[in-house]
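> Predicted model, plus sequence, below.
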Amino acid sequence: MTQDTAIRPPAPEAPGRKFVYVAVPAEGWRVAKEDTLCRYRRGGRDISCDKPAVAEKEYPNDAIYPWRGYCAEHAATRHIWVEDGTVMTWALRKPGREDIPLTAEEVARALGGVSGWCTQHRRPKSECAPWDRHNRSIRFRKDDVEAAERAATAAELDSVSEYVVHGTEAMLGHLRCGRGRCATDGPPVPVTWGDLTGKTLGEWIAEAVSLVEDQHPRHESVMIGTVPPAVTR
């Protein structure tokens, strides 16, 4: 597959008559280097499909993999394609002013005012998959957020979001495997609670997450903590 055979995805449905989508160069993307394979990001996880990449997306906060390749098919899911040696995407504009970029505030106002519209993926929310991640505004105490950030750093997680997600999943009674297709299509892995003495709750959950991924592709229940000691009477 050559770089210029990338799929040009159809433009998203514009939110109302006051806006249109136009093709523009994609910021934070570059044409894939030779022999780069697809290692796309989905549901917060890296997935390798081993197809030749046509474009690469920058992840500036990732010191190990600052660029990830996307094949034509997976690039198209992000409204990305390569055309005449340039990585392109769709951008929201006002009719008659297609050459003038909208400010972030104007885009947010345009998309936010449309009921059922996903501003992150630029499509109706009904078309978002269960594994698609969405930003949520959640109120935390400042000191709690700072403590969570320190804990996430100590656990060598990608971000504090991953720390919070793991804790939320555990409270819901499951964890999720992030390897291969399990990151999107895999079922939740049930968890049971054991003896939590000796370590912090975050450390016990992190160990359980590792167990879930180590047993891939099996999905057997894992315990958070250790087997409680027998009660003698």
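Received it, and whenever you're ready, just let me know what you need.

> how's this protein carved up into domains?
3-127, 142-224 (automatic domain parsing).

> Can you list the low-confidence ranges for the chain?
1-6, 41-46, 108, 111-117, 119-120, 122-124, 231-233 (pLDDT under 70).

> Can you list the residue ranges for helices in it?
72-76, 104-112, 142-154, 160-171, 182-185, 201-214 (DSSP state H).

> most packed of those helices?
Sort those by mean neighbour count, taking mean count of other CB atoms under 10 Å, and helix 72-76 sits at the top with a mean of 21. Heads up, the C-betas are built off the backbone N, CA and C, glycines and all.

> correct me, but I80 touches W29?
Yes: using CB atoms under 8 Å, I80 makes contact with W29 at a distance of 6.3 Å.

> Tell me where this structure has strands.
Ranges of strands in the chain, per DSSP state E, are 20-25, 29-31, 37-42, 45-52, 55-58, 67-70, 80-83, 86-93, 117-118, 123-124, 174-175, 189-193, 222-224.

> could you dump those to CSV with mean neighbour count?
Below are those laid out as CSV (neighbours: other CB atoms under 10 Å):
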stretch, mean neighbour count
strand 20-25, 15
strand 29-31, 17
strand 37-42, 18
strand 45-52, 15
strand 55-58, 21
strand 67-70, 23
strand 80-83, 21
strand 86-93, 20
strand 117-118, 18
strand 123-124, 15
strand 174-175, 20
strand 189-193, 17
strand 222-224, 19
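
> Out of those, which gets nearest to R133?
strand 37-42 (9.1 Å; CB to CB).

> residue contacts, P95?
18-20 (CB atoms under 8 Å, 6 or more residues apart in numbering).

> try A152
159-160, 162-163.

> The nearest residue to R93 once chain neighbours are set aside and R181, how far apart?
In space, R93 comes closest to V22 once its chain neighbours are excluded; the distance is 5.0 Å by CB to CB, 6 or more residues apart in numbering. Plainly put, V22 is 35 Å away from R181 if you go by CB to CB, to the nearest Å.
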